[in-house]
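Engineer: Here is my input, please return the structure:
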Amino acid sequence: MNAIIKNSIEEISEENFLELSANISSPFMDYQFLHALEKSKSACLENGWEPTHFTKNEKDKITGFVPLYKKYNSSGEFVFDHSWAHALEQAGRKYYPKLLTAIPFTPCKGERIIGKDEVTRNELIQDIKKYMAVENIESWHILYPDEETGSFLKNHNFIERLGCRFVWKNRNFSDFDNFLEIFTARQRKTIKAERRKVFDAKISFRIIEAAEITLNDWDIFYKLYCQTYMDRWQKPYLEKNFFNQIGSNTTSCHPVLFFAIQDNEVIGGSLCFKNKDTLFGRHWGSIKNIDCLHFEACYYQGIDYCISNKLDYFDPGIQGEHKIRRGFEPELSSSFHYFLKDDLDKAISDFCFKESKGILQYKKSCEEYTPIKKEYRIKG
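Structural biologist: Residues are numbered from 1 along each chain as shown. So this is what the prediction gives:
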């Protein structure tokens with residue numbers, strides 16, 4: 001088997017990719033999702049993302065795949081390594097370009113190294129390490145892998161860096177009121193008051209998913225999405241054509257739009273994706289500043305959807321202690337890091353070990369802060 005670098009996902013046969021990834025659970029480790037990111041120039045060299053995907057090939061068919069990018073900045077990753085870059089450059093060495101295995105702009109857990117068997121996956125790791133040595137690239141970072149991939153990476157001398165995220169977990173709730181029963185009386189009252197503010201503003205919601213979403217719906221959502229960045233004087237990560245591309249190819253990544261409607265106008269909304277057991281919150285926007293609309297569009301509507309569709313988890317995106325008060329529970333997340341040279345490897349290993357103590361204490365503090373009654377708490 002030969003290792004071949006692909007400078008675009010288009011260089012890989014979609015049919016071959018679908019065959020290789022048939023058992024993948026992540027809606028983002030998806031040919032059309034990755035293709036939309038590249039085709040729309042959301043993930044491109046001009047933005048600091050140079051596709052350098054590694055494949056293993058056998059008789060013109062791919063038998064292994066790693067989404068890989070040469071990264072020229074740390075934008076759009078959500079695992080912050082700016083201090084590492086500064087320290088290395090202070091030592092007179094180059095941190096960038098680095099290698100990154102991740103789904104661009106998508107900090108959601110999932111598979112990251114796929115292959116027909118364990119041998120193929122091992123060979124992919126070794127091939128990329130050899131590539132680092134030849135190109136003198138100092139580091140390789142793998143973000144938000146699932147647990148199985150994480151265990152696999154530890155066996156290849158990757159350093160684990162812990163993080164914390166907040167995930168909603170279904171306890172076979174029959175409806176939203178049943179969900180509210182897990183809270184203290186005070187927090188039940190708070191959540192009902194937040195929802196009432198939105199509906200007293202005469203806002204209703206329309207849920208559209210997969211092939212039901214029209215190009216006009218995507219145009220509307222893109223304007224909402226851009227507004228969130230304009231409010232912070234930032235350029236949106238995703239280009240408009242990304243949403244049009246996704247809209248044309250919804251068979252596997254399964255988008256779900258939650259539109260907030262007031263006076264027959266869409267004034268806000270959130271975009272999620274789902275697989276068989278999880279709803280993933282990704283983006284949101286609003287053209288009106290309405291109290292608690294963000295909580296309703298990004299959290300409560302998603303929870304209601306999960307209950308109705310019997311999904312086990314709702315991952316609304318990283319960070320944000322405010323999620324705890326709305327029923328999301330802390331769980332550890334991980335990124336993995338490999339360094340070409342021993343001195344940097346040791347320095348980062350020591351850093352991550354010390355940092356992990358703080359992360360574990362933070363998670364414990366979050367667990368104690370939750371308004372969920374003790375008999376309903378899930379340890380994890």
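Engineer: Mean confidence (pLDDT) on the helix or strand harbouring residue 283, please.
Structural biologist: Counting by DSSP states H and E, the element that carries residue 283 is strand 278-286. When pLDDT is averaged over strand 278-286, the result is 95.
Engineer: Please apply the same query to stretch 213-230.
Structural biologist: On average, stretch 213-230 scores 93.
Engineer: Give me the contact list for it.
Structural biologist: With contacts defined as C-beta atoms under 8 Å, 6 or more residues apart in numbering, stretch 213-230 is touched by 208, 235-238, 240, 243-244, 246-247, 250, 255, 257, 259, 266, 268-269, 271, 283-287. The way it works is simple: take the backbone N, C-alpha and C, and place the C-beta from them, glycine included.
Engineer: Sort out for me which of the residues you listed are in strands.
Structural biologist: Using DSSP state E, the members of those that fall within strands are 208, 255, 257, 259, 266, 268, 269, 271, 283, 284, 285, 286.
Engineer: The last one: what's it in contact with?
Structural biologist: I take that to be residue 286. With contacts defined as C-beta under 8 Å, 6+ apart, residue 286 is in contact with 224, 227, 228, 260, 267, 268, 269, 293, 294, 297.
Engineer: 6 Å - rerun?
Structural biologist: 268, 293 (C-beta atoms under 6 Å, 6 or more residues apart in numbering).
Engineer: do the third one as well
Structural biologist: With contacts taken as C-beta under 6 Å, 6+ apart, residue 257 has the following neighbours: 208, 213, 271.
Engineer: From those residues, pick the one nearest residue 24.
Structural biologist: Checking the contacts of residue 257 against residue 24 with C-beta to C-beta, the nearest one is residue 271 at 20.9 Å.
Engineer: beta partners for that closest one?
Structural biologist: residue 257, residue 283 (DSSP bridges).
Engineer: Note down every partner strand of the helix or strand of the chain with the lowest mean pLDDT and its orientation.
Structural biologist: Least confident element among the helices and strands of the chain, by mean pLDDT, DSSP states H and E: strand 2-6 (a mean of 84). The partner list of strand 2-6 in its sheet, established with DSSP bridges, is strand 53-58 (antiparallel).
Engineer: what's the next secondary structure element after the partner strand?
Structural biologist: Next along the chain from strand 53-58, counting by DSSP H and E, comes strand 61-66.
Engineer: Can you tell me the strand partners of that next one and which way each runs?
Structural biologist: When DSSP bridges is applied, strand 61-66 pairs with strand 53-58 (antiparallel), strand 114-115 (antiparallel).
Engineer: Go through whatever helix or strand comes next after the last one and flag the buried ones.
Structural biologist: Taking DSSP H and E as the definition, the helix or strand that follows strand 114-115 towards the C-terminus is helix 118-135. Of the residues in helix 118-135, 120, 121, 122, 123, 124, 125, 127, 128, 129, 131, 132 count as buried by neighbour count, 16 or more other C-beta atoms under 10 Å.
Engineer: And helix 118-135, what does it pack against?
Structural biologist: Helices and strands touching helix 118-135, by 3 or more C-beta pairs under 6 Å, 6 or more residues apart in numbering; DSSP states H and E, are strand 53-58, strand 61-66.
Engineer: Would you mind measuring from residue 151 to residue 238?
Structural biologist: From residue 151 across to residue 238, the span is 32 Å (C-beta to C-beta, to the nearest Å).
Engineer: Those two: which is more packed in?
Structural biologist: residue 238 (23 against 10; other C-beta atoms under 10 Å).
Engineer: In this structure, spot the helix with the most residues.
Structural biologist: Scanning the chain for the longest helix, with DSSP state H as the assignment, gives helix 342-369.
Engineer: quick revisit: now the ones in strands among the contacts of stretch 213-230 in a markdown table, with distance to residue 106?
Structural biologist: Formatted as a markdown table, the ones in strands among the contacts of stretch 213-230 follow (distance: C-beta to C-beta, whole Å):
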| residue | distance to residue 106 |
| --- | --- |
| 208 | 21 |
| 255 | 13 |
| 257 | 17 |
| 259 | 22 |
| 266 | 24 |
| 268 | 22 |
| 269 | 18 |
| 271 | 12 |
| 283 | 10 |
| 284 | 15 |
| 285 | 17 |
| 286 | 21 |
